[in-house]
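Chemist: return atomic coordinates for the entry below.
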Amino acid sequence: MSVVVDSARGFVYFDATSGEYPPTGFSFGIINASTHQVIKVLPLNVDSGALVLDQENGDVYVAGQQTTAVAVFDAASQTFVRQIDVGKPILSMAYDGAVSRDIFITSGYQVLALDPQTGDIVRNVTFANNVDGIVLDSSNGRLYVGQYPEGGVAVLEATTLAQVGTIGLPGCCALQLALDDATKMLYAATGTNYVYVLDAGTDTFVKSSQVTQSGQNSTNAIAVDNVTGRVYVASSPGGSILELDAAGNVVQKYRVESEVAGLAVDTKTQELYATAYHQVTVLDAASNGTFLPAIAIGGAVVAAVAILVFFLIRRREKGKPAEAKSGWVGLPEPK
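Modeler: Residues are numbered from 1 along each chain as shown. So this is what the prediction gives:
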């Protein structure tokens, strides 16, 4: 379950489940960022997973880990127009809207570059370790890719996928990454009670920041506000969002109703959107962390254990390679 914010147009997009576990279906929600109202819900033919936004035209790409496909949401018509069969479980995505206009995908031991116009995998690179978190620094055309359980963070040229460096880590793992475009500071959720702070300007490791006291806590989703420099990371179990300063120090802790699966910041309003299985919690970070009423897409609140099972399945799937294939397929009728 993920969320992306189109601050320029005032929309928030998120994917969700049916409100049951195992889920009986998946949905795609559109929220008005000004009113915080759900303005449209569409059936989703891929399972809920990673989302990336084309900032230029507002299109959204939705990846399914189990369905191994990318659904393409057309912002102009406000509907899904096609689906790309990738043939591999999709863990994380990044989008290059400035140069290549490719979607970058982590899957198993590989990073793939997918042309969303043709549906073809145009480049790929294979690692000795599994890969997961990925982020693009569009100003220098470099991709940062977390490796699991070893290998640190690989630094790749986006246009060729050639590896130009590695940022070593003191332990495992950079599972999710968030980049502050202004400062070039890179933050990694690790699946443990630590967050790693790296410098993408110099490709160096800066520090390991312990954000919770208990070793049983896991840092998962992570997002950064490029305007304020504040970092937000979800901690489980227990349904918590931690607010960090630019140096990685905890400055505030917020409790939410259920485990958080995705985070995104509206840099125009400094509001933080946090997704669970089928609802979105909005935190007004500009007003001393005021929570707005939760936005539900339907169904009953899912127990925390369901979110934990989701993350366990996600980790298990990392080690499963699959044969690559690509190309357009017809968009099936919703079931």
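Chemist: quick test: name the residue nearest the centre of this protein.
Modeler: residue 50 (5.2 Å; Cα atoms, centre = their mean).
Chemist: distance check, that residue against residue 132.
Modeler: Residue 50 sits 11 Å away from residue 132 when distances are taken as Cβ to Cβ, to the nearest Å. (Each C-beta comes from the backbone N, C-alpha and C, glycine too.)
Chemist: shared neighbours of the two, anything?
Modeler: 91-92 (Cβ atoms under 8 Å, 6 or more residues apart in numbering).
Chemist: end to end, how far does stretch 259-276 reach?
Modeler: Stretch 259-276 has an end-to-end distance of 6 Å (criterion: Cα to Cα, to the nearest Å).
Chemist: quick one: the residue nearest to the centre of the chain from residue 59, how far?
Modeler: Distance from residue 50 to residue 59, by Cβ to Cβ: 15 Å.
Chemist: now swap in residue 82 and tell me
Modeler: Distance from residue 82 to residue 59, by Cβ to Cβ: 11 Å.
Chemist: again, but for residue 8
Modeler: 13 Å.
Chemist: more neighbours: those two, which one.
Modeler: For residue 8 versus residue 59, the count of surrounding residues by other Cβ atoms under 10 Å is larger for residue 59: 19 against 12.
Chemist: check whether the more buried one really touches residue 73, as I assumed.
Modeler: Yes. The pair residue 59 / residue 73 is scored as a contact, 6.2 Å apart, by Cβ atoms under 8 Å.
Chemist: which neighbours do these two share?
Modeler: In contact with both residue 59 and residue 73: no residue, using Cβ under 8 Å, 6+ apart.
Chemist: so what's residue 280 bridging to?
Modeler: residue 275, residue 295 (DSSP bridges).
Chemist: distance-wise, check it relative to residue 6.
Modeler: Separation of residue 280 from residue 6 (Cβ to Cβ) stands at 15 Å.
Chemist: looking at those two, which has the bigger crowd around it?
Modeler: Neighbour tally, residue 280 and residue 6, criterion other Cβ under 10 Å: the higher count belongs to residue 280, 24 against 20.
Chemist: for that one, list the residues it contacts.
Modeler: Residue 280 touches 3, 12, 14, 29, 31, 273-274, 294-295, 297, counting by Cβ under 8 Å, 6+ apart.
Chemist: for the residues you listed, which single residue is the most surrounded?
Modeler: residue 14 (31 neighbours).
Chemist: check contacts around it.
Modeler: So, once contact is read as Cβ under 8 Å, 6+ apart, residue 14 ends up touching 1-4, 28-29, 31, 51, 262, 273, 275, 280, 297.
Chemist: okay if I get those as TSV plus pLDDT?
Modeler: As requested, the contacts of residue 14 are exported to TSV (pLDDT from 0 to 100):
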residue	pLDDT
1	79
2	90
3	93
4	95
28	90
29	89
31	92
51	95
262	91
273	93
275	88
280	86
297	62
